[in-house]
Structure formats: structure tokens, C-alpha cells
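[1] What follows is a predicted protein model with its sequence.
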Amino acid sequence: MLGLNKKDTSLLLLVAALVAFAPILLNPFPEGSALAQFNAGYPDLMQRFVIFGIFAIGFNILFGLTGYLSFGHAAFLGAGSYAGVWALKLLTINVIPAIIISTIVAGLFSILIGYISLRRSGIYFSILTLAFAQMAFALAASVLTPITGGETGLQTNLNDPRILDFGVREGGNIPAPSLFGLEMGSSFQLPVAGWLWTFNVGYYLSAVLMLIAFYIAIRIFRSPFGMMLKAVKSNQQRLNYTGLNTRPYMLACFVISGMYAGLAGGLMVAMDPLAGPERMQWTASGEVVLMSILGGVGTLIGPVLGAGFIKYFENIFSKINDNLLHQWFAFMPDGIENVLVAIIHPFIGKGWHLTLGLMFMAVIIFLPGGLVELGQRIGRLFKRRKSDDTSGQTTPAE
Amino acid sequence: MSILEVKGVNKRFGGLQALGDVNLSVQENSVHAIIGPNGAGKSTLLNCLVGKLIPDTGSVMFDGQSVLGRTPYEINQMGISRVFQTPEIFGDLTVMENMMIPCFAKRDGAFEMNAWGSVLGQKDIVAHAEHVLEDMNMADKRQMMASSMSRGDKRRLEIGMCLAQEPRLLLLDEPTAGMARADTNNTIDLLKEIKDKRDITIAIIEHDMHVVFSLAERITVLAQGTPLVEDVPENIKGNPKVREAYLGEAQV
């Protein structure tokens, strides 16, 4: 289907189903129950899942296929965000032009950075991209203030021109980004028994774009172009002596990857029309590296899993506090309760990075293929139980 | 007719004269061997032919066109394929994928942006790669990871990848270095078979005299960066100059 083989088609359909029913799947605990705070099915977080999923898919096209580790990918996310806000300010509050312009601007920006950075490989390439991203961050925060709004960031105003909206003004309020009048923030809430499911317009727009982005990534992975990129990772010397020019292949890959980041940036401002320089900072670039590695570098689904995993921890674990722990362990004798809370304390709330770090280490050491490898191992375990006669064939991670 | 003309090539690395006034002419559809003791400049010469090094002076003409100043991929597209001393293949890819890449290079040139079609949808490429694999007796290994093969098979694959491009000149850099006798003999047979089946010129750099005398039609002996003699194998065997170069001062 759609020019994919059977395995890829079922992967795409699986992802589509998960994404479509995410508002239900991510809210497994009834409202008001003790575990309700582990629910992730609220619009803000779900939007972040898919938007960072797009970012990570794009990053993985570069890092997973060619092995070139860009440490400045957030620069494209930021460039896309700024371009998106400007489109919302100058053109129209409709998000479609903003998203398209974000993607194009990030693509142009990545041509420039890629052209220079790709003269080197390995650690030197990483350092060059990092240097460019930090320059972009510093420029956005200071010299380029008229364009970027400096440290306070760039946002939409009531008296923006919005030339395509033909002077339509909603009385007194800054208009919210919308899709032909359908506001990104609007949701349909469905209470079923104890559960409350929220279906959000912005989430579904992002989800559809993520599915398209995912589909394109599969096509690239399976194409002759994708095979050349894998060959770059495997043996660049042989590729050169086989009559192939690695330069344009790498640049094309870098630009595609940058455009994915721009799309993610554009979607971010479509959900919340605000862009600040911190979006370009090196920590943001590092985050997408973690997402890819945690999920499984070079696999199709890995980066999406990694993005979801990290965003879940960032938003859910950081909300747990000592009071809550005391509540959970209230059934224990006071002394033990206090000791337990003291032990767990550094790993929750503001300490969620510590938990994430430990899990990251565990994954690197025990599951070098990331969460995808975990899934494969579990899958193999079940297969072996089913039929003991099949030999332990290993398949390369896809 | 000569397909490769090297004239007056000099290459200096700091104080070391690696190549001094090298002249060499390789006849079309012949097997030409370049031999010489360690440090004679064999590899430097080869690197000058494929664009890895640029000679300080002199000219290198391939089929009437200069190769100097061109990059390795451009020279390859002109029709020169190179086999490395240690097999250079795409270890993370399957044997079939390894074989398809040179087929793409042959069909589409140095760069082609095809990010939408599937690899296996390219029927002509698949057929071409299958054909070469059969030729190399490797069809049964097509789904293997290239890195998991034996050294002899890696060598066979690398030679196959070069042949898939249908080059006019095949350069081999010590193709049997570090190989067991049986593998060496297999490689000799393979090269003979290639020579018999195709219109191809082979230039081979080699240490192993057994390989050289089984294959070469003409031999150039290089010593201290300069060609000592160039002749047919029978005359090289008994040449006192060659013995001297290999064995040191001749006993008087």
C-alpha cells in the first residue's frame, strides 16, 4: 500500500492507530483517582509528543542513516518557530502558511549551515553545528532583537498587519491561531463513566502532519537515496571510489532533516504563538539526540518512542512532589515512610533529570538498540515460546 | 594502443623523493604488473592514478584525458575502478546492497536524488546486481551482512563491485596481501577468468611473485621511486638488476 512493503505498511497503520486513539490510550486512569496524575492525555502534552516526534524523525534521517551527529539541530527548530510567528503576524492567523513558511525557512537556513559544516565529518562536524546553533541562539537573544524580540521572545499582537485576513478583527482579543476558523486550542471533551477524554484540534493537526512526516521518512529509508546515505555511514572511502559524490547526498540529507525540524518549530508556534531564543539553545539540541538514542538510532519508530518517553517524564515525573509521596506511603509506619520519601525525593519533581539520566544509562548499557531493541527482545521471547523449533534468527533493527 | 600514460611523474614528501621521473604505459586489454620492494613507491604511484594524491610534476593521461586535479569519484566515472589492499566494502549493508551501489553509480552518475522510489523497485539495477553476483559465484550469499563474510569473500565482493561498473581499467593494490595460499590461488583464478571473459585492462600492484608471474603480460619493476625495467615476465625473472633490487647487493 502507498508504495510500501507489507511490514512497513503495517507499521504505518499501527502508528496511525496509536496516534488517532492517543487521547483515550494516554488516559488510562479515571479522573479523580490516585493515579490520575499519570494520565498524559491532555492536549498540551499530546501536542508535544507528536511535534517532538517530528523533530526526532527528522534528526534520525541525518544521524540514523549517515551517522553524522548534528549537535545544533535546535537552530532549525528555532528558525522555523520565528518564521512561523512572523507568518502569523504578517500574513494570516491561519496556521497553514505559517507551517509551510517555517519549513522553507528552516530548509534555507540548513543549506547555509550544512554547506559549511559538511566540509568536516565526525566530531568536527558536531562541533561546527554546535557552534552555529550557539551563534544563532546568541544572535536571536541580542543583536537580532528587532526580528526575534530578544530574550522576551516574539509573539502575536492585536495590531499585527495580517494582510491576508482583510482587516477581520475580533473585538479586543488577540486572535488565536486557527485552521480556517477552527482554533488550535479548541477541544471536544467526552466524559465516559469516570474518564474524561479530550480531543484537541491542534493535536490532530500535528498528528496528521506527523504521520505524513513518518510516511516520507519510511520512503526515504527504503529509497536508493536512503541506501546511499547508509553507505556513507558504512564506508565513505568506498563510496568515493565507486564514482559517487558524497557531498550532495549529505547536503540533501541535512536539508531534509533541517526541514523536519522547521516543521516541528512551525507547529509549536501554531499551537502557542510564542517563540523565544531558548528554543535554539544547545540543551534543546541535546534533547533530540537523547530522544533518538533512547528510542533506537537508525530505526523508523525509535525516535518517536524516544520523544514520547522523554516528554512524558519531563511533564509527569516533574509534577510528583513530597506531599504526594507522603500520601502514597501513608499506610507505612511513620519512620519508614519518612526514610522512603527521603530516598525517592531526589528522583522526582525537579530531580526528574536524575531519573532520566539513570534510565538513559541503563538503556545505553543493556539495550544499545534503544527501546526498539527492548520491544524486539520481548517479541522474540514470545515467538520462542510459541514455536520452539524456529532457530534464533536475528533481524536487523528497522 | 596504450590506455594509461604516465609521463615524468615526481612526488616528494618533505625530504623523501617517493616517485622520481616515473614513466609508464599500460596497453589496452593487457594485464600489467607493477612490482618492487617495500618503499619502492608502488602505492604512491597508484594513489596518483586515482586522485588521492596529486603528483608534483608530470602527467597522467587515461584514454587521452588527464586525470590530474580530478577527485576520486570523477576518475572512477571516467572508467577506472580500484580494489584496495584491505577489502573496502560496505560492511553494514547486505551483499546484494553492496552490489547495487556500483550499479546505481554506473546508471545514474555521481549524484541522483531518488528519495521516493523503493530500491527493490529498480528492476534493471536488481537484475544487473544479480547478474554480477552470479558471475562471482556469490548469489547464495546475497542476504548476508558483508562484514560477516570471510576475507576471501570480501575480496571477491569488492572485485565484483568494481566489475559491476564495467570499468575500462581495473587497478588492484596487492589483492592477495595477507591471504592464505588457497585464497590466493582462488583470487588468481578469478582474475584470469575476468580477463578471459571481458575486454578489460588490469593493472596490478603485487608483492607475491607467484601471483605476478601467473597473471602479468608485462611487468614494470619499481625501485626507490624509479622504474628499473619494463619487460615481459620471462625476461624479468633472470634480470640481474631486479635480483639486486630485491635481494640487495649482488654477490660477486
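    That came through fine. Numbers count the residues shown, from 1 in each chain, chains lettered A, B, ... in the order given.

[2] got the contact list for B:Arg142?
    B:Arg142 makes contact with B:Thr94, B:Val95, B:Met96, B:Met99, B:Glu130, B:Leu133 under the criterion Cβ atoms under 8 Å, 6 or more residues apart in numbering or on different chains. Bear in mind the C-beta positions are built from the backbone N, C-alpha and C, glycine included.

[3] Next one: the fourth one, what pLDDT does it get?
    Just to be clear, that refers to B:Met99. On pLDDT, B:Met99 comes in at 97.

[4] just the first one next, same as before
    With respect to pLDDT, B:Thr94 has a value of 96.

[5] from the contacts of B:Arg142, which would you call buried?
    Buried members of the contacts of B:Arg142, counted by 16 or more other Cβ atoms under 10 Å in any protein chain shown: B:Thr94, B:Val95, B:Met96, B:Met99, B:Glu130, B:Leu133.

[6] Pick out whichever of these sits closest to chain A.
    Nearest to chain A among those is B:Thr94, at 8.9 Å by Cβ to the nearest Cβ.

[7] Is it correct that the closest one is in contact with B:Ser148?
    No. Using Cβ atoms under 8 Å, B:Thr94 is not in contact with B:Ser148; the gap is 9.9 Å.

[8] So in the chain, where's the weakest helix or strand by average pLDDT?
    I'll assume chain A. Across the helices and strands of chain A, mean confidence by mean pLDDT, DSSP states H and E is lowest for helix A:322-328: a mean of 82.

[9] tell me which strands and helices that helix is in contact with?
    Using 3 or more Cβ pairs under 8 Å, 6 or more residues apart in numbering or on different chains; DSSP states H and E, the elements in contact with helix A:322-328 are helix A:334-344.

[10] What's the first helix or strand after the helix it packs on?
    Counting by DSSP states H and E, the next helix or strand C-terminal to helix A:334-344 is helix A:352-366.

[11] Just the mean pLDDT for that following helix, thanks.
    For helix A:352-366, mean pLDDT is 90.

[12] Distance from that helix to the middle of the chain?
    Here the centre of helix A:352-366 is set off from its chain's centre by 19 Å, with Cα atoms, centre = their mean, to the nearest Å.

[13] other SSEs contacting it?
    Using 3+ Cβ pairs under 8 Å, 6+ apart, helix A:352-366 sits against helix A:282-295, helix A:302-316.

[14] To A:Gly351, which of those lies closest?
    Of all those, helix A:302-316 sits nearest to A:Gly351, with 11.3 Å by Cβ to Cβ.

[15] Against which helices or strands is that closest one packed?
    With contacts taken as 3+ Cβ pairs under 8 Å, 6+ apart, helix A:302-316 sits against helix A:43-66, helix A:282-295, helix A:352-366, helix A:370-386.

[16] Can I get the last one in PDB, CA atoms only?
    What that stands for is helix A:370-386. The C-alpha coordinates for helix A:370-386 follow below in PDB (Å, rounded to 0.1, in the frame of the first residue of the first chain):
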ATOM      1  CA  GLY A 370      17.200   1.600  22.400                       C
ATOM      2  CA  LEU A 371      13.500   1.000  23.300                       C
ATOM      3  CA  VAL A 372      13.100  -0.700  19.900                       C
ATOM      4  CA  GLU A 373      15.500  -3.400  20.900                       C
ATOM      5  CA  LEU A 374      13.500  -3.900  24.100                       C
ATOM      6  CA  GLY A 375      10.400  -4.400  22.000                       C
ATOM      7  CA  GLN A 376      12.300  -6.800  19.700                       C
ATOM      8  CA  ARG A 377      13.600  -8.900  22.600                       C
ATOM      9  CA  ILE A 378      10.200  -9.200  24.100                       C
ATOM     10  CA  GLY A 379       8.700 -10.100  20.700                       C
ATOM     11  CA  ARG A 380      11.400 -12.800  20.300                       C
ATOM     12  CA  LEU A 381      10.700 -14.100  23.700                       C
ATOM     13  CA  PHE A 382       7.000 -14.600  22.800                       C
ATOM     14  CA  LYS A 383       7.900 -16.100  19.400                       C
ATOM     15  CA  ARG A 384      10.200 -18.600  21.100                       C
ATOM     16  CA  ARG A 385       7.500 -19.700  23.500                       C
ATOM     17  CA  LYS A 386       5.100 -20.200  20.600                       C
END
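
[17] can you pull the buried residues of it?
    Buried residues in helix A:370-386, counted by 16+ other Cβ under 10 Å: A:Gly370, A:Leu371, A:Val372, A:Glu373, A:Gly375, A:Gln376.

[18] do the same with the longest one
    Residues of helix A:43-66 classed as buried under the neighbour-count rule (16+ other Cβ under 10 Å) are A:43, A:45-66.

[19] need the longest helix for chain B.
    helix B:181-197 (DSSP state H).

[20] What is that one packed up against?
    The contact analysis (3+ Cβ pairs under 8 Å, 6+ apart) places helix B:181-197 against helix B:151-164, strand B:201-205, helix B:209-215.

[21] Please list the residues outside it that contact it.
    The contact list for helix B:181-197, computed with Cβ under 8 Å, 6+ apart, reads B:31, B:136, B:151-152, B:155-156, B:159, B:163, B:170, B:172, B:175-176, B:179, B:200, B:202, B:204, B:208, B:210-211, B:214-215.

[22] ok, of those, which come out buried?
    For the contacts of helix B:181-197, buried by 16+ other Cβ under 10 Å: B:31, B:136, B:152, B:155-156, B:159, B:163, B:170, B:172, B:175-176, B:179, B:200, B:202, B:204, B:208, B:211, B:214-215.

[23] neighbours around B:Phe213, how many?
    By other Cβ atoms under 10 Å in any protein chain shown, 16 other residues sit near B:Phe213.

[24] Look up how far B:Val26 lies from it.
    Look at B:Phe213 and B:Val26: by Cβ to Cβ, to the nearest Å, they are 18 Å apart.

[25] Around chain A, pick out the residues from the stretch 101-250 of chain B.
    Residues of the stretch 101-250 of chain B that fall close to chain A, judged by Cβ under 8 Å from any Cβ of the partner chain: B:101-102, B:104-106, B:108-119, B:121-122, B:125, B:145, B:161, B:165.

[26] so which of the contacts of B:Arg142 comes closest to B:Lys141?
    Using Cβ to Cβ, the contacts of B:Arg142 come closest to B:Lys141 at B:Val95, 5.0 Å.

[27] In contact with the closest one, which residues?
    B:Leu133, B:Met138, B:Lys141, B:Arg142, B:Gln143, B:Met144, B:Ala146, B:Met149, B:Leu157.

[28] Switch those over to TSV; also include secondary structure.
    Shown next, in TSV, are those (DSSP: H, G, I helix; E, B strand; the rest coil):
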residue	secondary structure
B:Leu133	helix
B:Met138	coil
B:Lys141	helix
B:Arg142	coil
B:Gln143	coil
B:Met144	coil
B:Ala146	helix
B:Met149	coil
B:Leu157	helix
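
[29] Having no further points to raise, I will conclude here.
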